[in-house]
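Colleague: show me how the following folds:
(chains A and B)
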Amino acid sequence: MTTGTSRRGRRGNVLGSAGLYAATSVAAFLFLVPFYLIVRNALSTDAEITGEDWQFFPGDIQWGNVTEPFDDPTVDFARSLWNSAVVGVAHTVGTLLVCSLAGYGLARIPYRHANKVFYAVLVTLMVPTAVTFVPSFVLVSSLGWVDSYRGLIIPGLFSGFTCFLFRQYFLGFPRELEEAARVDGLGYWGAYWRVVVPNSLNFFAAIATITFISGWNSFLWPLVIGQDPSAWTVQVALSSYMTNQTVNFHLIFMATAISILPLVCVFLFLQRWLVQGIAQTGIKG
Amino acid sequence: MPTTTTRQVSAPARSRRGLRARSTLAFWLFTGPFLIGLLIFVYVPILWSAWLSFFEARFTVTPSDFVGFENYRTMLTDEDFMGSLVTFTVFAVIIVPTTWALSLALALAVNRLRFMRAFFRSVFFLPTAVSYVAASLIWKMSIFNGVRFGLANTVLGWFGADGTAWLASPDPPWYWLVIVTVRLWLQAGFYMILFLAALQNIPPELYEAAAIDGARPGWQTFRYITLPQLRATSTAVILLLLVAAYQAFDEFFNLLSKTTWGRPPLVELYYKALGENQDYGAGSAGALILTLLICLVTLLQGRIMGFGRAEGSK
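Modeller: Residues are numbered from 1 along each chain as shown, chains lettered A, B, ... in the order given. Okay, the predicted model is just below:
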């Protein structure tokens, strides 16, 4: 289905696709090397990792390493995982709720000044939130939200980009469905929750996956807000391992593996929605 | 699909006004929470820091010492800050074309596969799940560890070459190799998905027509059909890459911790505003300069690629 049939002989095609598979496999191999390193280092002893010759696999798989990050007195790893989970979930639920409602309002509820409101949202797209972390920190610290879940979660909920994506999506939502709901006597609110949301679950799942991944992986804002180790997210904890005086290879790679595992699971199970979501939202607009 | 339905068929004037009031109320009900948040957490900080940038504001966010444009002058003559803009430029010049080319190449390859296409797509896409911090850790502690047992040095050793301290010195600047590869690994799969979607939208008739006209498959069809058809996606990808490069923080901060060289703008700003001096005045001035710069770049790019089209559908 890709290109039309060429006039070249079959042998050329076979050779060509063998070359294609070879090149793609090499690339795939290189892409997998970092994952291999995490697993190998996480399950080896430090002596094996730092040994004279490269050890491709641990001699004895060190399953005992799994609990080590949790017993480490210098970094409260369990706490940081918990913080990340709370922040990731709250960030996702909150962003979806706030931004989808706004996107729907902008797309579908007639209001004279809706365009002006939309422009006020569009303008913020030009200013990435990362660039304004200093002013945001100034505001959040004067609210007294440093080292708190509020400070970690709330400022990130109001994403102009996510709102924009929802608006674009709802512009394409079939009007007939809403009108049927209207005939049944539902107002905007009722129609939204009873008809629009249940019929948009794929899109919501896609945005939720992307939002959760970016929330779990974000670093700059948690670093700025989490001044006290008790408010660290898992990314800040990982970062602190890199500057520690003593380097405990198997421990920090086990911690890295644990921090990546939930995302890899999310990723593998929800990949269909993720790919759809990115393809739909990334460019088409 | 018949989406054009005439709305609100001529109703009596009063009921129409009632309808309008109801929908205005509904509009604010739906958008209100978002807009209030946007106001408080996006607009207010920017305005506040615009105000702060005209004051001497060390260790305080409610300063009283008005200094005019002094903070801006300090930042614009600050060698480190201007150097960070140079670092960003070098970074963007390397990372934008390489990511563009690699993700396009991966998309073209995956798109032509008949078997195991889903497997390869997943492999290239999987790094998107990994955080910049975790990837920096792997790169710094394992792959490009300057000691003998780092993977890169081990491989060099197999070929009899000496190892290198990849991240320890700015001269020769090996650290760029580390920084660029980590971002390539993390980003390429994401943009590959965008290109894959665009490739599948190219009508197959174009290729058939080209084949009839005698275009040879391979370079010719790629150059005259695939590439022009991907134009919109390419420009968008380049814009996204540029904005992402501008915001680079995580990998620079973690890979080059404690160094004074190789700092991009956000890292520089981090140390300026939140480091030992806590100079919010100069930090705010720096943030505003960066904001202006990125607005400029976005607008320019937007003009080139015609951003207006996205909102054309009312």
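Colleague: give me the low-pLDDT residue ranges for chain B?
Modeller: Chain B contains residues with pLDDT under 70 at B:1-17, B:302, B:304-314.
Colleague: measure the residue sitting nearest the centre point of it to chain A for me?
Modeller: Of all residues in chain B, the one closest to the mean position by C-alpha atoms, centre = their mean is B:Ala244, 1.5 Å from it. According to C-beta to the nearest C-beta, to the nearest Å, B:Ala244 and chain A sit 9 Å apart. Every C-beta, even on glycine, is put in place using the N, C-alpha and C of the backbone.
Colleague: with B:Gly286 instead?
Modeller: Separation of B:Gly286 from chain A (C-beta to the nearest C-beta) stands at 8 Å.
Colleague: who are the contact partners of that residue?
Modeller: Neighbour list for B:Gly286: A:Val134, B:Met75, B:Phe81, B:Pro265, B:Glu268, B:Leu269, B:Lys272, B:Ala273 [criterion: C-beta atoms under 8 Å, 6 or more residues apart in numbering or on different chains].
Colleague: which helix or strand contains it?
Modeller: helix B:280-305 (DSSP states H and E).
Colleague: just how off-centre is that helix within its chain?
Modeller: Here helix B:280-305 shows a centroid-to-chain-centroid distance of 14 Å under the convention C-alpha atoms, centre = their mean, to the nearest Å.
Colleague: in that helix, what counts as buried?
Modeller: For helix B:280-305, the neighbour count (16 or more other C-beta atoms under 10 Å in any protein chain shown) marks B:280-291, B:294, B:297-298, B:301, B:305 as buried.
Colleague: if we can go back for a sec, I figured the residue nearest to the centre of chain B hits B:Tyr191, correct?
Modeller: No - applying C-beta atoms under 8 Å, one finds B:Ala244 not in contact with B:Tyr191, separated by 10.0 Å.
Colleague: could you point out the helix or strand that follows the helix or strand that contains the residue nearest to the centre of chain B?
Modeller: Using DSSP H and E, B:Ala244 maps to helix B:231-246. Later in the chain than helix B:231-246, the nearest helix or strand by DSSP H and E is helix B:250-255.
Colleague: tell me if that next one is near chain A.
Modeller: Yes - interface with chain A: helix B:250-255 contributes B:Asp250, B:Phe253, B:Asn254 (C-beta under 8 Å from any C-beta of the partner chain).
Colleague: what residue is smack in the middle of chain A?
Modeller: Nearest residue to the geometric centre of chain A (C-alpha atoms, centre = their mean): A:Ile213, 1.5 Å.
Colleague: residue contacts, that residue?
Modeller: A:Ile213 sits next to A:Leu263, A:Val266, A:Phe267, B:Thr128, B:Ala129 when contact means C-beta under 8 Å, 6+ apart.
Colleague: show me what contacts the spatially closest residue to A:Ala257 that is not a sequence neighbour?
Modeller: By the measure of C-beta to C-beta, 6 or more residues apart in numbering or on different chains, the closest residue to A:Ala257 outside its immediate chain neighbours is A:Ala42, 4.5 Å from it. By C-beta under 8 Å, 6+ apart, the residues touching A:Ala42 are A:Asn65, A:His250, A:Phe253, A:Met254, A:Thr256, A:Ala257.
Colleague: biggest separation within these, which pair?
Modeller: A:Asn65 and A:Thr256 (11.8 Å; C-beta to C-beta).
Colleague: neighbour-wise, which of the two wins?
Modeller: Each of A:Asn65 and A:Thr256 has its neighbours counted (other C-beta atoms under 10 Å in any protein chain shown); A:Thr256 has more, 27 against 20.
Colleague: find the nearest non-adjacent residue to the more buried one, please.
Modeller: Closest to A:Thr256 by C-beta to C-beta, 6+ apart is B:Ala134, at 5.0 Å.
Colleague: before I go, just wanted to say thanks for your time.
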